[in-house]
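Trainee: Compute the structure for the input listed below.
(2 chains)
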Amino acid sequence: MDLTLTGAEEEFRRRLRAWLRDTLPGLPPEPPADDWPARRAYDCAWQRALHDAGYAGLHWPPEAGGQGATPTQHLIFIEEAERAGAPYVGANFVGLLHAGPTIAAEGTAAQRARWLPPILRGEEIWCQGFSEPDAGSDLASLRTRAVRDGDSYVVTGSKIWTSYAEIADWCELLVRTDPAAPRHRGISWLALPMNAPGVTVRPLRTLAGTAEFAEVFLDEVRVPATHRIGAENDGWRVSMVTLSYERGTAFAGEVVACRRTLARLARTARANGRWDDAVLRRRLGRLHAEFTALWRLVQWNVSEAAHAARTGGDGVPGAGGSVFKLRYSQARQELYDAAAEVLGPESLDARQEWTAQRLSSLSYTIAAGTSQIQRTIIAERILGLPKGR
Amino acid sequence: MDFRLTGDQRALRAGMRGLLAARHPHERLRALADSPSPDGPRAPDPALWRALGEAGFFSLRLAEKDGGVGLGMPEAVLLFEEAGRALLPGPLVATYLAAGLVPGAAEGGCVVTALDGPGAAEHLASADAVLLLDGPAARLLRTGAGGAPRALRARPVRCVDPTTPLHLVRQLPRMPDGSDAALPIDAARMRLEAALLTAAQQLGSAFRTVELAVSHARRRSQFGRPVGSFQAVQHLCAEMLVRAELARAAVYAASLSMEPDEPAEIAAAKLLADSAAVRNARDCLQVHGGLGFTWESDVHLHLKRAWLRLRQWQSSIDSEELLANTLLCEASHIPERLPANDATDVLDAENVTA
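Mentor: Here you go, the predicted structure:
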């Protein structure tokens, strides 16, 4: 057990801090949430800045154009960027955390050369086409069909909950290539150009009132067979790499942010008199414990991943990510529920930052595997309970 | 940074598990629970206490020149976690804290219990000495075996935990009292160590009840299949593991950052470990069904011990209040960035500074 940093890691942190301190003041103001082209430009500019400073694809392997940083260095980056108030990964999320790592791990040399550099330079945005109207938690039942026709697949179907679809250049798409095979074995992973004829994007309005995701309709869209990552019908296994990434360290920065929000909540409660309410005060105290422990759990999971990477594994966060994701998603909702108690009637103002966050936090127990799915994963894969029906 | 246990730490933990399996086997725990009479087995058993002393359990953190093992708080936490897992009875924390202060404590040659202000004291009648914490002061009451209840005018209660004899003390004796002596130690620091080592015991119990629940859910069959294949049961077990894992991250981290001026990590560890132990025992009971409600099952022993430990050293209320207050201190270090809402800024009140 050791939470101290090595000399090299401290040096990495020191240089990163200096770079953030010099760079952040020069950034343009953050664009409004509903201005998609402006958000794309802002997120891409930040990614480009990271690239030029040597921080792009920190956790990607060098042969994929990444920096080959250790999981610990990656965690330091996440922590420091959040502390300094740096922009979030934003529209680059799918490219950097899903599609990119998948192509890095499973793609051919030509495929890596085509798709990875533009992700790292902040030139191309990816979105994710996994869920379908009838395939949510039961993702393997997806029905979007891809029929081989010469050098292409002809894809027909629809995808849903696709974040950043409106501004994406590419979509990591799961399609059914063999309807006769057992459901997990007839799926392939395709890189779909979003500007191809037959692709229609219909934005969906979330309960928060924003258009954060969309439905994507595919009507006989032709996708070159060279856009397939991995073997035909091996897409399920290929896609699992990306899902593990999302459940691992993807929320580490948010834990740092939540801890700061909690302190701001305390200060607000102190200022408006709600601090005198012992029930509320103790609730904030308990949340302090939860988020302290969640950060330690991130460090625990990162240590496990680093060990796996050193001993020849892939460094991909494992099922332990489910434990973290399950608790974090719930704690985040409790945080903003507590914020509403602190604000009192002000919390009914939809323009309140914490009220907007309260609304968006409702997606956390659903997106990236519902809490129910996470519990089943923990029960069956970690605890070894017999499979349910 | 490598948060995982080192090879030495894993070996230490395995050694402790082996020692407890040999010296405090399950039959002994059951015998203690089933016959809490003067004729039944005694806790703490002097031979077991001495074996723990020989293994370095009480002297772990004493420097080697003082007859100790010279290891750190992380190692102590691992050993106390094992003790909690095996429901080892006895004033383990108090005797550990007394090592180096009370002759014989480090070797397991005497039993020391403790009182942090008036309240409940465990194993008082077996104690050779009592550590009395009273605000910032700490002192020692040497009574010899059997003398402590009288010296403290303690009232025996039948403890809900059948393996822990308990006395209630309404008032600590006053300072100048021939038999006690002020100790040159930091009482605040001692409380922090005690809270963390108590949390470690809760952690061990929390993981043990996960194992018990899972093992029962795999064996027990209803409606023609193991009950562990039902989602309702699976999801109870999953939440149990989440609680235990979160508590572990907090307890282990707190053992690495033992700073008396940073008590929040320890408060978080105690709070989450208390919750994990109590709630896991409750869910474990539920998974066991009717069997869980019987005396014969071990589940109630975990629940009752967890209730006892929750009241010791830092109650949940204490932990939560402490954590709330450290939030305010942290808030004063964060640059002012108000909720983005210019029209209804609640912070425009006069006392913005926390």
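Trainee: what's the weakest-modelled helix or strand in chain A?
Mentor: Ranked by mean pLDDT, DSSP states H and E, the helix or strand of chain A with the weakest confidence is helix A:235-247, at a mean of 73.
Trainee: immediately after it, which helix or strand?
Mentor: Note on helix A:235-247: by DSSP states H and E, the next helix or strand toward the C-terminus is helix A:252-272.
Trainee: what's the neighbour count on the residue of the stretch 51-200 of chain B at minimum distance from chain A?
Mentor: Nearest to chain A, among the residues of the stretch 51-200 of chain B, is B:Pro74, at 4.7 Å (C-beta to the nearest C-beta). For the C-beta atoms, the positions are set from N, CA and C on the backbone; glycine is no exception. A count of nearby residues for B:Pro74, using other C-beta atoms under 10 Å in any protein chain shown, gives 21.
Trainee: and what of A:Pro28?
Mentor: Per other C-beta under 10 Å, the neighbour tally for A:Pro28 reads 10.
Trainee: Show me what the one helix or strand the residue of the stretch 51-200 of chain B closest to chain A maps to is packed against.
Mentor: Using DSSP H and E, B:Pro74 falls within helix B:73-85. Packing contacts for helix B:73-85, counted by 3 or more C-beta pairs under 8 Å, 6 or more residues apart in numbering or on different chains; DSSP states H and E, involve helix B:7-23, helix B:92-98, helix B:187-219, helix B:231-256.
Trainee: Residue numbers of the stretch 1-150 of chain A in contact with chain B?
Mentor: Within reach of chain B by C-beta under 8 Å from any C-beta of the partner chain, the stretch 1-150 of chain A has these residues: A:Met1, A:Asp2, A:Leu3, A:Thr4, A:Leu5, A:Thr6, A:Glu9, A:Thr72.
Trainee: Pull up the per-residue confidence for the third one.
Mentor: Pointing back at A:Leu3 there. If you check A:Leu3, the pLDDT there is 92.
Trainee: where's the residue nearest to it when sequence neighbours are not counted relative to A:Trp300, distance?
Mentor: In space, and not counting its chain neighbours, A:Leu3 is closest to B:Leu256: 5.2 Å by C-beta to C-beta, 6 or more residues apart in numbering or on different chains. The spacing between B:Leu256 and A:Trp300, counted by C-beta to C-beta, to the nearest Å, is 12 Å.
Trainee: more neighbours, the two?
Mentor: Legend: neighbour count by other C-beta under 10 Å for B:Leu256 and A:Trp300, higher for A:Trp300 (24 against 17).
Trainee: Tell me where the model's unsure across the stretch 201-350 of chain B.
Mentor: Scanning the stretch 201-350 of chain B with the threshold set as pLDDT under 70 gives B:259-261, B:334-350.
Trainee: Secondary structure class of A:Glu215, three-state.
Mentor: Three-state assignment for A:Glu215 (DSSP: H, G, I helix; E, B strand; the rest coil): strand.
Trainee: before we move on, the earlier item: so the residue nearest to A:Leu3 touches B:Val77, yeah?
Mentor: No - in this structure B:Leu256 lies outside contact range of B:Val77 using C-beta atoms under 8 Å: 9.4 Å.
Trainee: Common neighbours of those two, please.
Mentor: Counting by C-beta atoms under 8 Å, 6 or more residues apart in numbering or on different chains, B:Leu256 and B:Val77 have no shared contacts at all.
Trainee: mind listing what's buried in stretch A:115-130?
Mentor: By neighbour count on 16 or more other C-beta atoms under 10 Å in any protein chain shown, the buried set for stretch A:115-130 is A:115-122, A:124-130.
Trainee: Could you identify the most distant pair in these?
Mentor: Largest separation among these by C-beta to C-beta: A:Arg121 and A:Phe130, giving 25.3 Å.
Trainee: count of residues packed around the residue in the stretch 101-250 of chain A that chain B sits nearest to?
Mentor: Relative to chain B, the nearest point of the stretch 101-250 of chain A is A:Ser137 (12.1 Å; C-beta to the nearest C-beta). Counted with other C-beta under 10 Å, the neighbours of A:Ser137 add up to 12.
Trainee: So it is in contact with A:Gln372, correct?
Mentor: Yes - shown here, A:Ser137 and A:Gln372 form a contact pair, counting by C-beta under 8 Å, at 7.3 Å.
Trainee: ok, now how distant is A:Leu326 from chain B?
Mentor: A:Leu326 sits 6 Å away from chain B, going by C-beta to the nearest C-beta, to the nearest Å.
Trainee: show me what contacts B:Gln286?
Mentor: By C-beta under 8 Å, 6+ apart, the contact set of B:Gln286 is B:Leu236, B:Gly292.
Trainee: again, only using 10 Å
Mentor: B:Gln286 is in contact with B:Ala213, B:Ala232, B:Val233, B:Leu236, B:Gly292, B:Phe293, B:Val299, counting by C-beta atoms under 10 Å, 6 or more residues apart in numbering or on different chains.
Trainee: and it, that's in a helix?
Mentor: Yes - residue state for B:Gln286 (three-state DSSP) corresponds to a helix.
Trainee: Quickly note the distance from it to chain A.
Mentor: 15 Å.
Trainee: residues near the residue lying closest to A:Ala379 once chain neighbours are set aside, how many?
Mentor: Closest residue to A:Ala379 apart from its sequence neighbours, by C-beta to C-beta, 6+ apart: B:Gln234 at 3.5 Å. Using other C-beta under 10 Å, B:Gln234 is surrounded by 26 other residues.
Trainee: One more: B:Gln314?
Mentor: 25.
Trainee: What sits closest to it if chain neighbours are left out?
Mentor: Closest residue to B:Gln314 apart from its sequence neighbours, by C-beta to C-beta, 6+ apart: B:Ala195 at 4.2 Å.
Trainee: That neighbour touches B:Lys270, doesn't it?
Mentor: Yes - contact status for B:Ala195 versus B:Lys270: in contact at 4.7 Å, counting by C-beta atoms under 10 Å.
Trainee: Who has more neighbours out of the two?
Mentor: For B:Ala195 versus B:Lys270, the count of surrounding residues by other C-beta under 10 Å is larger for B:Lys270: 36 against 28.
Trainee: In contact with residue 265, which residues are there?
Mentor: No chain specified, so I'll use chain A. Applying C-beta under 10 Å, 6+ apart, the residues near A:Leu265 are A:274-275, A:280, A:284, A:287-288, A:335-336, A:338-339, A:341-343, A:354, B:327, B:331, B:339.
Trainee: Let me rephrase: I mean chain B.
Mentor: Taking C-beta under 10 Å, 6+ apart, we find B:Glu265 in contact with A:289, A:292-293, A:296, B:192, B:196, B:250-251, B:253-259, B:323, B:326.
Trainee: quick one on the thing from earlier: out of the buried residues of stretch A:115-130, which sit inside helices?
Mentor: Residues of the buried residues of stretch A:115-130 located in helices (DSSP state H): A:Trp115, A:Leu116, A:Pro117, A:Pro118, A:Ile119, A:Leu120.
Trainee: what's the model's confidence in stretch B:141-153, averaged?
Mentor: On average, stretch B:141-153 scores 88.
Trainee: Now do it: distance to the chain's middle.
Mentor: Taking C-alpha atoms, centre = their mean, to the nearest Å, one finds stretch B:141-153 lying 24 Å from the centre of the chain it belongs to.
Trainee: do stretch B:9-23 as well
Mentor: Distance, stretch centre to chain centre, for stretch B:9-23: 18 Å (C-alpha atoms, centre = their mean).
Trainee: For that stretch, give me every contacting residue.
Mentor: Contacting residues not belonging to stretch B:9-23 are listed as A:1, B:4-6, B:28-29, B:45, B:47-52, B:54-57, B:60, B:69, B:71-72, B:74-75, B:77-83, B:85-88, B:204, B:252 [C-beta under 10 Å, 6+ apart].
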